[in-house]
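**Q** here are the coordinates; sequence isn't available:
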């Protein structure tokens, strides 16, 4: 990953220098940077100054021992390097042609679902669980035509066009209601690397009339974050083509008033099929809703989970909601847990649904139950195959099959106690904004490689934010659910932040966790990567250097994602109960 980023930075800088010279002659006035009028403006467009470099010293705790001094010096070098890279990329981002961003003050999400107006604390007099399930394949049969990229990493230096289909890529959908008359809630989970709020709203718009007719008050679309499925997000396309072609396309569209499509990792035909299949699955799930009882259990899966980033905080449990229809039809198992779907690696070109496909297979066959998985707070949580004793020579594709089967059988054979869940469903959503300070991500956004909804705070687009959404849901009287639009650091959910002596910037992170916000008598679940993919959501005090051996920061909006998300979640909760 570090090699890819190094090449990416080099490509960006080489491109920007050449393009700046070209644009100065051919398109002066449209793409050149604005004239510098003040010291403040000079700094804003990216000209380095001594103050920029000295600012790298801020926030690091004063060392008191030799190991701390060594650590201090290492961090100082990283911070100086980051500052230089950041300044260069800021200058590049002010020169390149860019997609148009909507003014934040004028932005409104027309397809946003707020959820329920009223939250109940007790089941309604006529309350009963009603659930419907549906599933469908997202594959079209054309995935090996050389025009379908595999998500998970950049398509560079070699193309990541799909070369083999190992198993299926699906959508699994549930429709859920407590029969109180306050509305139905839908969750559709895609096999895919990511889904943006822009794409979620396409699906919602296709369901608008159906949702109104069926009193659907919450439509949620999420992904399992497989690094081995056809790209559903856009950022995994051919890097060279995007860097070279998209600026020219942007210029042509503005000069000639054309509407040529920008290049990214999406295949238009595949995405249109995905939208159609997902819409159908929602309608089928609603149509199949039937009454029944819901049971909740927790199975410890810690032996199969590995956390590769401090703080080593993660949810060890597979949370299962088991719906048993009164009419004797097939059960539906809703499974919520956090394990990255990266069993085939991030750079392969085989299409696979990863371990969830095989977990579903064994649950279908051995328990005769429907299966839907919703990812949890999975920041750096990955699979641990050690307990399975899989030999090193075993192919990755076979290893993920063994791993998925093991998880399925762990759940089937679990003797964890079950409790019946009262038929009580509450849900509310809110729009919120996350500042973009990661200049690599801003570069990708300006070139149209990302499909997220980005708004601007100023005319020159020097301050950008991702417009996204989150939610709070209650299932029964004991389960509280945080619905989050990205890959959440588990400590933000459960507590256990790094303190000043351990954190990258040498400061404490003085924010509550989600568990601090909700009542102590409720258990927290996290539904991550839902309704958007804004990248990694880290604590502000541990947003590290992109050169320090980690890769979460490279695909994060910046160092304010954690605090912005916590503030939005707390505000939403308080708007309901306080």
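**A** Yep, that arrived. Quantities reported herein were computed from a predicted structural model and do not represent experimental measurements. Numbering: from 1, shown residues only.
**Q** can you get me the start-to-end distance on stretch 294-308?
**A** Its start and end residues considered, stretch 294-308 measures 34 Å (Cα to Cα, to the nearest Å).
**Q** pull the number of nearby residues for residue 111.
**A** Using other Cβ atoms under 10 Å, residue 111 is surrounded by 17 other residues. C-beta coordinates here come from the backbone N, C-alpha and C atoms, glycine included.
**Q** so it touches residue 206, yeah?
**A** No - using Cβ atoms under 8 Å, residue 111 makes no contact with residue 206, being 9.8 Å away.
**Q** my read is residue 322 is in a strand, agree?
**A** Yes - secondary structure of residue 322 (DSSP: H, G, I helix; E, B strand; the rest coil): part of a strand.
**Q** would you list the phi and psi of the closest residue to it other than its chain neighbours?
**A** Nearest non-adjacent residue to residue 322, counting by Cβ to Cβ, 6 or more residues apart in numbering: residue 295, 4.6 Å away. Main-chain torsions, residue 295, degrees, to the nearest 10: phi -130, psi 140.
**Q** does residue 295 touch residue 418 like I think?
**A** Yes - using Cβ under 8 Å, residue 295 is in contact with residue 418, at 4.4 Å.
**Q** which one of these two is surrounded by more residues?
**A** residue 295 (16 against 13).
**Q** contact partners for the more buried one?
**A** 321, 322, 324, 418, 419, 420, 421 (Cβ atoms under 8 Å, 6 or more residues apart in numbering).
**Q** go on, residue 204?
**A** By Cβ under 8 Å, 6+ apart, the neighbours of residue 204 are 111, 113, 211, 219.
**Q** so where's the protein uncertain?
**A** Scanning the chain for pLDDT under 70 picks out 1-64, 549-550.
**Q** what sits closest to residue 530 if chain neighbours are left out?
**A** Nearest non-adjacent residue to residue 530 (Cβ to Cβ, 6+ apart): residue 222, at 3.8 Å.
**Q** and that neighbour, bridged to which residues?
**A** Beta-bridge partners of residue 222, counted by DSSP bridges, are residue 189, residue 530.
**Q** before we move on, the earlier item: so how far is residue 122 from the residue nearest to residue 322?
**A** Applying Cβ to Cβ, to the nearest Å, the value for residue 295 to residue 122 is 20 Å.
**Q** burial count for residue 104?
**A** Tallying neighbours of residue 104 according to other Cβ under 10 Å, which is how burial is gauged here, yields 16.
**Q** got it, and the one 3 residues further on?
**A** Here the neighbour count serves as a burial measure; for residue 107 (other Cβ under 10 Å) it reads 16.
**Q** list the contacts of the spatially closest residue to it that is not a sequence neighbour.
**A** Spatial nearest neighbour of residue 107, excluding adjacent residues (Cβ to Cβ, 6+ apart): residue 455 at 4.9 Å. If you count contacts by Cβ under 8 Å, 6+ apart, residue 455 has them with 101, 102, 103, 104, 107, 433, 464, 465, 466, 467.
**Q** and the first one, its phi and psi?
**A** Residue 101 has phi and psi values of phi -110, psi 140 when expressed as degrees, to the nearest 10.
**Q** so what sits opposite the nearest residue to it once chain neighbours are set aside in the bridge?
**A** Spatial nearest neighbour of residue 101, chain neighbours left out: residue 456 (4.1 Å); criterion: Cβ to Cβ, 6+ apart. Beta bridges link residue 456 to residue 103, residue 464 when assigned by DSSP bridges.
**Q** surely residue 456 and residue 463 touch.
**A** Yes - the pair residue 456 / residue 463 is scored as a contact, 6.8 Å apart, by Cβ under 8 Å.
**Q** between the two, point out the one with more neighbours.
**A** residue 456 (19 against 14).
**Q** now do the contacts for the more buried one.
**A** 101, 102, 103, 104, 463, 464, 465.
**Q** quick one: which two of those are the most distant?
**A** Across the contacts of residue 456, no pair lies farther apart than 102 and 463, at 13.3 Å, counting by Cβ to Cβ.
**Q** who does the helix or strand containing residue 275 touch, helix- and strand-wise?
**A** Assigned by DSSP states H and E, residue 275 belongs to helix 268-287. Secondary-structure packing of helix 268-287 (3 or more Cβ pairs under 8 Å, 6 or more residues apart in numbering; DSSP states H and E): strand 129-137, strand 170-177, strand 184-190, helix 197-206, helix 208-213, strand 216-223.
**Q** helix/strand/coil for residue 76?
**A** helix.
**Q** revised request: answer the last question for residue 502.
**A** coil.
**Q** ok, now how distant is it from residue 558?
**A** 21 Å.
**Q** those two: which is more packed in?
**A** Taking other Cβ under 10 Å, residue 502 and residue 558 do not tie; residue 558 has more neighbours (20 against 12).
**Q** near the nearest residue to that one once chain neighbours are set aside, how many other residues are there?
**A** In this structure, residue 558 finds its nearest non-sequential neighbour in residue 437, 3.1 Å apart by Cβ to Cβ, 6+ apart. Residues near residue 437, counting by other Cβ under 10 Å, number 17.
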